[in-house]
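Colleague: My questions concern the predicted model and sequence given below.
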Amino acid sequence: MLEAAKYLLTPSKRSNVPPFMVMDVMAAAALLEAKGARVVHMEVGQPAAPAPATAIAAAQAALAHGRIGYTETLGIPSLRARIARHYADIYDLALDPARVVVTTGSSGGFILAFLALFEAGDRVALGNPGYPPYRHILSALGCEPVLIETSAETRWALSAKALIATHRQAPLAGVVVASPANPTGTMMDADTLSRLIAVAEAEGIRVISDEIYHGLDYAFAAETAANFSERALVINSFSKYFCMTGWRVGWMVVPDTLVRAVERLQGNLAISVPALSQVAAEAAFDGRAEMEAVKHGYEENRRILTQGLPKAGLDKFLPVDGAFYLYADISRFSDDSLDFAKRMLNEAHVAATPGIDFDPLNGKHFLRFCYAGSAAEMYEAVERIGGWLSKAPR
């Protein structure tokens, strides 16, 4: 009977996914701060700025009105229409609002997308390094994440050539692409993205495009996969450009034939996205001037790090095209990014995320720095890192 009772408390095998390590780093930094230390936070991919004033005002007005209830499963119609208009404004794309689905952040979008597109056992390609929850969610759903190495030869982007080579080894059901990418901040130009989509679809490989960092592009303008195919599934969010991480609201652009499937899934899994967040999200589009000012701040932070970190000793990093990340090579100092990150936090009080969170193969040589804070914090981080590395044993 005791053995049977133990079984009742045993987690399922599908729940045995690795932790999202960045959250562990954040917790360790919080412990230091509780002891009185001042930590420069560069671990979590979260804007330091608040949501647009227009979004906050709209939420306050909705609360003052009283009742906040369920909404339509696919999202408030006016928000879906406003998102569709966004594609006309930014990408010159006429998008039917019926193809827009409002989700609980991009995370909810990935769960819906993977459930709607793939069967248990399907193989789904991911560029490596990449965002950890891609592979963790896929694994929890019974799919097989297939990591494809990227390199300087392709500017650290997933190439059509590498995708097809992997597909020839064993068939792929799908591929997830991201531009700008997390953790690298690198981007795919329009030709590279369109070729990848065309080659994938010709082979029957479904394409999911993670566009959560669109709007935060510095090297060149980001392009949406929706402009190259009506069959590609696009995921975006209000979290990054619009500084609304805690509001947990995003969206998907889905092919016509998948709308009903996604609606059924969302209706059962979540009923609807929080109404207050949707109201705020619609109003956020009227706060773009405010958000552009925030983006200019990221550009300044990017300049501070790309000029300052080489002087501090971290002189090798991937192209810093977009998002608000710098992915730095630390192999000159260590071949254990987890240990390096722990020591840097405890000794220099700068929090960054070890590359093994994003790349189980070569991430031991890299750290991800998020530069979504203030310029003063970036200068302070560079100074602290430089002072620490000058004394650190090689």
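Modeller: Structure's in. What do you need?

Colleague: now the strands: where do they sit in the stretch 251-394 of the chain?
Modeller: Remark: strands assigned in the stretch 251-394 of the chain by DSSP state E, counting those that start in this stretch are 325-329, 350-351, 353-354, 366-370.

Colleague: now for these, which one comes closest to residue 156?
Modeller: strand 325-329 (8.3 Å; Cβ to Cβ). Where you see a C-beta, it was placed from the backbone N, CA and C, and this is true even at glycine.

Colleague: now that closest one and strand 366-370, what's the angle there?
Modeller: Angle, strand 325-329 to strand 366-370, by axes from the mean of the first three to the mean of the last three Cα atoms, to 10 degrees: 160 degrees.

Colleague: Please work out the average pLDDT along strand 325-329.
Modeller: The average pLDDT within strand 325-329 is 97.

Colleague: residues in contact with that strand?
Modeller: 45, 129, 182-185, 302, 305-306, 309, 314, 316-318, 320, 355, 365-371 (Cβ atoms under 8 Å, 6 or more residues apart in numbering).

Colleague: try stretch 303-316
Modeller: 317, 320, 326, 328-333, 369, 371, 375, 378-379, 381-383, 385-386, 389-390.

Colleague: Return the distance of it from the chain's centre.
Modeller: 24 Å (Cα atoms, centre = their mean, to the nearest Å).

Colleague: Check which residues of it are buried.
Modeller: By neighbour count on 16 or more other Cβ atoms under 10 Å, the buried set for stretch 303-316 is 304-305, 308-309, 312-314.

Colleague: now swap in stretch 371-381 and tell me
Modeller: Buried, per 16+ other Cβ under 10 Å, within stretch 371-381: 371-373, 377-378, 380-381.

Colleague: Need the max-distance pair from those.
Modeller: 372 and 380 (14.8 Å).

Colleague: ok, longest helix in this structure?
Modeller: As assigned by DSSP state H, the longest helix anywhere in the chain is helix 288-312.

Colleague: Report the mean confidence score over that one.
Modeller: pLDDT averaged over helix 288-312 gives 97.

Colleague: what angle do that helix and strand 325-329 make?
Modeller: 10 degrees.

Colleague: could we number from 3 for the rest of this?
Modeller: Renumbered: residue one is now 3, and that last one reads helix 290-314.

Colleague: what about helix 290-314, distance to the chain center?
Modeller: 19 Å.

Colleague: Can you tell me the closest non-neighbouring residue to residue 238?
Modeller: Distances taken as Cβ to Cβ, 6 or more residues apart in numbering place residue 213 nearest to residue 238, at 4.7 Å, with adjacent residues excluded.

Colleague: go on, residue 314?
Modeller: Nearest to residue 314 is residue 388, by Cβ to Cβ, 6+ apart, at 3.3 Å.

Colleague: ok, back up a step: angles on the backbone of the residue nearest to residue 238, please.
Modeller: phi -120, psi 30 (degrees, to the nearest 10).

Colleague: Surely it and residue 226 touch.
Modeller: Yes: using Cβ atoms under 8 Å, residue 213 makes contact with residue 226 at a distance of 6.0 Å.

Colleague: anything in contact with each of those two?
Modeller: residue 236.

Colleague: returning to that earlier point: any chance of the buried residues of stretch 373-383 in TSV, with pLDDT too?
Modeller: Formatted as TSV, those follow (pLDDT from 0 to 100):
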residue	pLDDT
373	98
374	97
375	95
379	97
380	98
382	98
383	97
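
Colleague: ok, the residue lying closest to residue 244 once chain neighbours are set aside to residue 90 distance?
Modeller: Leaving aside its chain neighbours, residue 244 sits nearest to residue 286 (4.6 Å; criterion: Cβ to Cβ, 6+ apart). Separation of residue 286 from residue 90 (Cβ to Cβ, to the nearest Å) stands at 17 Å.

Colleague: Who has more neighbours out of the two?
Modeller: Set side by side, residue 286 and residue 90 show more neighbours around residue 286, with 27 against 11, by other Cβ atoms under 10 Å.

Colleague: can you pull the contacts of the more buried one?
Modeller: Applying Cβ under 8 Å, 6+ apart, the residues near residue 286 are 53-54, 56-57, 240, 244, 246, 293.

Colleague: Give me the pLDDT for it.
Modeller: 98.

Colleague: Quick check: it vs residue 334, distance?
Modeller: Taken as Cβ to Cβ, the span from residue 286 to residue 334 is 42 Å.

Colleague: So what's the residue count around residue 367?
Modeller: Residues near residue 367, counting by other Cβ under 10 Å: 20.

Colleague: With the flanking residues excluded, which residue is spatially nearest to it?
Modeller: residue 333 (4.2 Å).

Colleague: Neighbours of the one you found, how many?
Modeller: Using other Cβ under 10 Å, residue 333 is surrounded by 14 other residues.
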